[in-house]
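Visitor: structure of the sequence below:
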Amino acid sequence: MKLSDKRVLVTGGAGLVGSHLAKRLAADNHVVVADDLSKGDRDRVTGDAEFVQADMTDPDDVAEVVTEDLDVVFHFAAYTDTNYDDDRKLFEENGAMTYNVLERMDEVGVDKIAFTSSSTVYGEAPMPTPEDYAPLEPISIYGSSKLADESLISTYAHSYGMQAWVYRFANIVGPHQRGNVVPDFIEKLLDDPETLTILGNGRQEKSYLHVEDCIDAMCHVVEHADDDLNIYNLGTRTTTSVNAIADIVSDEMGLDPDYEYTGGDRGWTGDVPKMRLSIEKLSALGWEPPTSSDDAVRRATRQLHEELR
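Guide: Residues are numbered from 1 along each chain as shown. Below is the predicted model:
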């Protein structure tokens with residue numbers, strides 16, 4: 001499906017990835033952004049997009065924004081385990097959002113959906129992890145909720161005549177991000193340039209993709225993958241350790257802090273300490289990440305430092 005002259009809904013469009021996608025698509029499409037602003041920021045939404053404050057757990061709000069004239073829904077609205085401390089509510093409300101959106105789409109005849117899933121659906125899997133790896137054994141409530149959402153989308157794709165694109169993200173970094181490792185380190189060092197506290201042992205190692213490259217990959221997948229259900233990993237071929245992120249952030253800020261560690265091999269309950277996704281399927285579709293994981297972290301650090309200082 002070509003992403004031009006379309007009417008597009010982006011749920012969670014005031015968040016990191018959603019706001020960047022809405023800005024990109026608004027140049028050639030009519031874009032409606034729906035967000036309850038519980039963790040998104042209204043200022044992130046480009047002036048070229050129509051904004052509606054809406055809660056995807058509320059069927060009435062969903063009915064307001066999922067209308068029959070839409071061509072495609074990019075469903076990004078979700079709670080994460082880094083900004084939500086009620087596990088039951090996180091699982092139930094993530095599922096409710098996705099079910100409400102799918103149910104309303106089916107009701108009004110909108111048949112194309114793109115969904116942001118996560119590498120966390122794999123759990124602690126061999127690396128690089130391909131899309132057909134099984135069994136999927138998430139170790140966090142967030143990962144479990146994303147896997148449940150994927151199952152709902154699969155059902156609607158196979159049994160209700162929808163076409164779906166599911167993105168399993170590596171770690172996405174870039175401007176306007178909050179609550180993740182890069183902005184966390186910057187904020188800590190702005191507060192105390194002498195010492196940096198690192199969760200875990202610092203040897204956790206994951207793939208990082210810059211949000212602008214992520215948007216490129218997402219659009220490429222929608223425009224080139226045409227099965228009923230299209231599942232693609234989005235990431236880089238390389239990884240960056242938490243210690244390396246600390247080094248990059250310190251270097252970009254011109255600091256040389258002492259590192260202190262909370263200990264253990266993971267940063268929090270449910271944290272997958274090592275992750276690298278196979279992107280061979282994405283590469284076969286014609287898209288390659290233009291930079292390494294380290295370069296993505298460094299670029300994001302420069303942008304976030306400028307925002308936060």
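
Visitor: so, low pLDDT: which residues of the stretch 51-200 of the chain?
Guide: The stretch 51-200 of the chain contains residues with pLDDT under 70 at 81-84.

Visitor: rerun that using 90 as the cut-off
Guide: 80-86, 176, 178-179 (pLDDT under 90).

Visitor: how about the strands in it?
Guide: Taking DSSP state E, counting those that start in this stretch as the test, the strands found in the stretch 51-200 of the chain are 72-75, 112-116, 163-169, 171-173, 195-198.

Visitor: biggest helix in the chain, by residue count?
Guide: As assigned by DSSP state H, the longest helix anywhere in the chain is helix 87-108.

Visitor: re earlier: would TSV of the strands of the stretch 51-200 of the chain with mean neighbour count be doable?
Guide: In short, each C-beta sits where N, CA and C put it, glycine included. Converted to TSV, those look like this (neighbours: other Cβ atoms under 10 Å):
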stretch	mean neighbour count
strand 72-75	26
strand 112-116	23
strand 163-169	22
strand 171-173	24
strand 195-198	17
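
Visitor: export the ones you listed to JSON lines and tack on distance to Ile245?
Guide: Formatted as JSON lines, those follow (distance: least, Cβ to Cβ, whole Å):
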{"stretch": "strand 72-75", "distance to Ile245": "28"}
{"stretch": "strand 112-116", "distance to Ile245": "22"}
{"stretch": "strand 163-169", "distance to Ile245": "17"}
{"stretch": "strand 171-173", "distance to Ile245": "9"}
{"stretch": "strand 195-198", "distance to Ile245": "9"}
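
Visitor: quick one: which of those strands is nearest Ala26?
Guide: Closest of the strands of the stretch 51-200 of the chain to Ala26 is strand 72-75, at 12.3 Å (criterion: Cβ to Cβ).

Visitor: okay, Ser38: pLDDT?
Guide: Looking at Ser38, its pLDDT reads 88.

Visitor: quick one: what helix or strand has it in it?
Guide: For Ser38, there is no host helix or strand (DSSP states H and E).

Visitor: let me see the contact set for it.
Guide: Ser38 sits next to Tyr79 when contact means Cβ atoms under 8 Å, 6 or more residues apart in numbering.

Visitor: could you do the one 3 residues further on as well?
Guide: Asp41 makes contact with 14, 19, 176 under the criterion Cβ under 8 Å, 6+ apart.

Visitor: could you rerun that using 7 Å?
Guide: Asp41 makes contacts with 14, 176, as judged by Cβ atoms under 7 Å, 6 or more residues apart in numbering.

Visitor: same check on the one 5 residues further on?
Guide: Thr46 makes contact with 22-23, 26 under the criterion Cβ under 7 Å, 6+ apart.

Visitor: which one of these is nearest to Thr120?
Guide: Using Cβ to Cβ, those come closest to Thr120 at Ala22, 24.2 Å.

Visitor: for the closest one, what are its contacts?
Guide: Going by Cβ under 7 Å, 6+ apart, Ala22 touches 10, 13, 31, 33, 45-46, 49.

Visitor: what helix or strand is it on?
Guide: helix 16-25.

Visitor: run the chain-centre distance for that helix.
Guide: Offset of helix 16-25 from its chain centre (Cα atoms, centre = their mean, to the nearest Å): 11 Å.

Visitor: likewise stretch 57-66?
Guide: For stretch 57-66, the distance to the chain centre is 22 Å (Cα atoms, centre = their mean).

Visitor: also stretch 164-184?
Guide: 5 Å.

Visitor: let's see that stretch as PDB, backbone CA atoms only.
Guide: Extracted C-alpha coordinates of stretch 164-184, given in PDB (Å, rounded to 0.1, in the frame of the first residue of the first chain):
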ATOM      1  CA  ALA A 164      -1.900  -6.200   9.100                       C
ATOM      2  CA  TRP A 165       1.700  -5.200   9.500                       C
ATOM      3  CA  VAL A 166       3.300  -6.100  12.900                       C
ATOM      4  CA  TYR A 167       6.600  -4.500  13.900                       C
ATOM      5  CA  ARG A 168       8.800  -6.200  16.500                       C
ATOM      6  CA  PHE A 169      11.000  -3.300  17.700                       C
ATOM      7  CA  ALA A 170      14.500  -3.400  19.000                       C
ATOM      8  CA  ASN A 171      15.200  -0.400  21.300                       C
ATOM      9  CA  ILE A 172      14.200   2.800  19.600                       C
ATOM     10  CA  VAL A 173      16.000   6.000  20.600                       C
ATOM     11  CA  GLY A 174      15.700   9.600  19.500                       C
ATOM     12  CA  PRO A 175      14.500  13.100  20.200                       C
ATOM     13  CA  HIS A 176      11.600  13.700  22.700                       C
ATOM     14  CA  GLN A 177      12.300  10.300  24.400                       C
ATOM     15  CA  ARG A 178      11.900  10.100  28.100                       C
ATOM     16  CA  GLY A 179      12.100   7.300  30.600                       C
ATOM     17  CA  ASN A 180      14.700   5.100  28.800                       C
ATOM     18  CA  VAL A 181      18.400   4.600  29.200                       C
ATOM     19  CA  VAL A 182      19.800   7.400  27.100                       C
ATOM     20  CA  PRO A 183      17.600  10.300  28.500                       C
ATOM     21  CA  ASP A 184      17.900   8.700  32.000                       C
END
